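**Q** here's my sequence, what's the structure:
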Amino acid sequence: MSLSVSLSPRRRRWIDRIRSLSVGHKLTIIYVIGIFIPLVLANGLVLRSVLRDAAQQEREFLRAAIESLAHGIVREFEPVTLATEFVYADSVIYRVLAAEYAEFDEFIVVHREQLIPSLTKYVSIFPSISRAVVYTENPIVGAAEGYLRINEYVRSSPWYHTVISARTGFVTMVHIDGDPRQVLEPQTYLSVFRVLDNPAAVRARNLILRIDVNPAIVHRAVAAAGLNGEFEVVDRFGTVFASYRMGQPEGHGYTFDTPLTGHAALAGWSLRGTVTAKNPALAWSIRWTMLLAVTGLSIALTSIFIVFLSRSVTHRLHTLAKQMRRVEDEDFSPVTVPNKSQDEVGMLIGEFNLMANKIDSLINDGYKLEIEQNRLLVARQQAELDALQSQVNPHFLFNVLESIRMKSHIKGEHETASVVKKLSKAFRRIVSWDDDLVSIEQEIAFTRDYLEIQQYRYGDKMSSTITVDPDVRDVLIPKMTIQCLVENACVHGIEESKAAGNVAVTVARNGDGIVIGVSDNGIGCDAALVRARLQPGGLGARHIGITNVHRRLELHYGDGFSFEFRSEPGHGTDVVIRIIA
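**A** Reported below is the predicted structural model:
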């Protein structure tokens, strides 16, 4: 069944025109359509993806940097809260401010010797603290260093109401303070307030700790971050505590609003603003430069590689075509190329050279081939003749042996008649080779007949013993396996020995197999020579029976048997066969 597709004349002309192009032009078209155009498109897509990933990575980097800046600002506040904890736990301040003093001078001494050291020893060690003040309602306190009495101005301050309302924990806020006892003009402060109400200390009049934060700590954290942009620190009421403009705007800006988490004093505070990117790869001019550079380099490398491959193919094809034209003039010389290759063109050149050599050989060796064919024909006819001759009916020989046996009985030579009978049975067994496998019981019966014939021949010079386990009698083995080994022992061992000889046959069960042993005390032989003849390709006129047995065992059992031959000149021979059965 064939499938044909009908093409329009115009399409057929295009197909014929493409087929007529040279291999080099076809490779060029494949390069432009299959490599050049997809390469340009792929590079553009890859560059776009890379730039998009770069922008995403930059955003992730800026987000991580801003979060790190927020954590840095929080860490700058840790000394402030740590100082409040120290003051909150100092019992001296509670005890001194809870006491009543008859004279102001008495308080001045206590203030100088106890109150000032108790406050400054915590505050002076932290550069992030600009000032610390404890407010108290003790009437003896006026405006001493570090300690202020709560007056009407303080009670009217917004921060005071916020702190009193909170009562517990920290209150951090931006506020304006113009207390005439401290400053000449109102100023903006970032302060951490805490009510000093430690239950473990002496109960004093209403005490409030105020620690003013050094604004430089925020600037220090922002500068350490190394980011460009605008930054603002805003409290929980939306009041801007500090704002900074770092560097010059460059690239695309990202707006952020990050809470300052991780510290109770800054609950509700946030860091917000706009940070600018510094990656120059985001500029369009750089993008197109990168695109053109990558695309140009890719096209140049692939073009050089394609030209190299194209010349490699077309040059060899032109050489092959030139040599094929020479074949028309009966020039069968092979195609030679500088470097042999294993690609399709190289294989084609190799096959062409092989074909040319074969054609040359057929032309030059035609007469030799004809003579060889005639010789094989004669040999085949001779083999057929030999096969026909081997099919001569052996009944004539059986009838002659039967006549001899009957004549011996008539003359009273019963021993001769018995031997002739056994000889007839043996010959009939050899000729009728229907099944190659027989039971061990049948093989032993045939071997007994053979030994009786040999004992008739040698008389008292030879004796024999046969030992067979009852449970192996039904095991099948190749026919005449044991008989051939016994015959080898009689002919090559006992017959040439001057002393009386003995042949021993044993068949026994061994695990999942059987062991067959045939031994004699004859003249022995060179065991190495016999083992060499048993190898593939081994030849020799002697011990043909052993070689035959070994070959048939190989055919029947493959690797399922072992054949051991031991012999020494003057010390007899032992043959042991192990079969898995």
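
**Q** burial count for residue 553?
**A** 19 (other Cβ atoms under 10 Å). Any C-beta I mention is one placed from the backbone N, CA and C, and that applies to glycine too.

**Q** I'd like the mean pLDDT over whichever helix or strand it is part of, please.
**A** For residue 553, the host element (DSSP states H and E) is helix 544-557. Mean pLDDT, helix 544-557: 81.

**Q** tell me how far it is from the chain's mean position?
**A** Mean-position distance between helix 544-557 and its chain equals 50 Å (Cα atoms, centre = their mean, to the nearest Å).

**Q** which strands and helices lie in contact with the helix or strand following that helix?
**A** Using DSSP H and E, the helix or strand that directly follows helix 544-557 along the chain is strand 561-567. Here strand 561-567 touches helix 527-534, helix 544-557, strand 573-580, going by 3 or more Cβ pairs under 8 Å, 6 or more residues apart in numbering; DSSP states H and E.

**Q** ok and the longest one relative to helix 527-534, angle-wise?
**A** Translated: helix 544-557. Counting by axes from the mean of the first three to the mean of the last three Cα atoms, to 10 degrees, helix 544-557 lies at 50 degrees to helix 527-534.

**Q** when you give positions from now on, start the count at 48
**A** Taking 48 as the first residue, the last one we looked at is helix 591-604.

**Q** just the element for residue 371, please.
**A** Residue 371 belongs to helix 331-374 when assigned by DSSP H and E.

**Q** report the buried residues of the helix holding residue 600.
**A** 592, 593, 594, 596, 597, 599, 600, 603, 604 (16 or more other Cβ atoms under 10 Å).

**Q** cool, and stretch 567-580?
**A** Buried residues in stretch 567-580 (16+ other Cβ under 10 Å): 567, 568, 569, 570, 571, 572, 574, 577, 578, 580.

**Q** so which pair among these is furthest apart in space?
**A** 568 and 580 (22.7 Å; Cβ to Cβ).

**Q** my guess is residue 133 contacts residue 167, does it?
**A** No. In this structure, residue 133 is not within contact of residue 167 by Cβ atoms under 8 Å, at 11.4 Å.

**Q** and residue 498, what does it touch?
**A** Applying Cβ atoms under 8 Å, 6 or more residues apart in numbering to residue 498 gives the contacts 511, 513, 533, 537, 550.

**Q** residues making contact with whatever helix or strand the first one lives in?
**A** Assessed by DSSP H and E, residue 511 sits inside strand 509-515. Contact partners of strand 509-515, identified using Cβ under 8 Å, 6+ apart, comprise 487-488, 491, 494-495, 498, 501-502, 533, 537, 541, 547-555.

**Q** just the ones in helices from those residues, please.
**A** Assigned to helices by DSSP state H, the following of the contacts of strand 509-515 qualify: 487, 488, 491, 494, 495, 498, 501, 502, 533.

**Q** top of these by number of neighbours, please.
**A** residue 533 (26 neighbours).

**Q** tell me how far that residue lies from residue 85.
**A** Using Cβ to Cβ, to the nearest Å, residue 533 is found at 83 Å from residue 85.

**Q** could you do residue 346 as well?
**A** Using Cβ to Cβ, residue 346 is found at 11 Å from residue 85.

**Q** next one: residue 313
**A** Here residue 313 is placed at a distance of 56 Å from residue 85 (Cβ to Cβ).

**Q** please identify which of these two sits among more neighbours.
**A** A direct count of neighbours by other Cβ under 10 Å for residue 313 and residue 85 places residue 313 higher, at 23 against 10.

**Q** my guess is that one contacts residue 218, does it?
**A** No. Here residue 313 does not reach residue 218: they are 11.1 Å apart, not a contact under Cβ under 8 Å.

**Q** burial count for residue 211?
**A** 14.

**Q** give me phi/psi at it?
**A** Dihedral pair for residue 211: phi -60, psi -40, per degrees, to the nearest 10.

**Q** if you drop the residues flanking it in sequence, what lies closest to it?
**A** Among residues not flanking residue 211 along the chain, residue 242 sits closest, at 7.8 Å (Cβ to Cβ, 6 or more residues apart in numbering).

**Q** for whichever helix in the chain runs longest, packing partners?
**A** Secondary structure assigned by DSSP H gives helix 84-136 as the longest helix of the chain. Contacts defined by 3+ Cβ pairs under 8 Å, 6+ apart place helix 84-136 against helix 163-170, strand 176-183, strand 234-242, strand 254-260, helix 263-272, strand 300-306, strand 317-323, helix 331-374.
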